[in-house]
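1. I'll drop the sequence and a predicted model, then ask my questions.
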Amino acid sequence: MDGQNRNDIYPGLEVGIILKKDQRSGNVTYGIVKDLLTSSSFHSRGIKVRLDDGQVGRVCEIVED
C-alpha cells in the first residue's frame, strides 16, 4: 500500500513517512500514526499524518507485519 487513501490509514498503524525536509532526498522515517491531518479521502502525494513522536509527514508506505 502506498498511503494515498485515507481509508487505509488509522491511529496505531506503523507507517513510513517522508518529512518536509526530506522531500528532496527521499529519506523515510518510520513510526506509529497518532493523528491523520489530511481531511480528503485521497491525496496524490500521500496522506499527511502526525507520528507518536510528533513528527509530521506524508505516508509513502504502510508497514505490513
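-> Cool, the structure landed.
2. can you pull out the low-pLDDT segments for this protein?
-> For the chain, applying pLDDT under 70 flags the ranges 1.
3. let's see it at 90
-> 1-3, 64-65 (pLDDT under 90).
4. wait, what's in contact with the residue nearest the centre of it?
-> When CA atoms, centre = their mean is applied to the chain, the residue found nearest the centroid is V59 (2.4 Å). Shown in contact with V59 (CB atoms under 8 Å, 6 or more residues apart in numbering): D2, G3, Q4, I9, V15, G16, I17, G46, I47, K48, V49. Any C-beta I mention is one placed from the backbone N, CA and C, and that applies to glycine too.
5. same check, this time on V33
-> V33 neighbours (CB under 8 Å, 6+ apart): I9, Y10, P11, G12, L13, E14, V15, V49, R50, L51, D52.
6. G31 is in contact with the third one, correct?
-> No. With the criterion set as CB atoms under 8 Å, P11 and G31 do not qualify as a contacting pair; they are 11.8 Å apart.
7. who's more crowded, these two?
-> More crowded of P11 and G31, by other CB atoms under 10 Å: G31, with 19 against 12.
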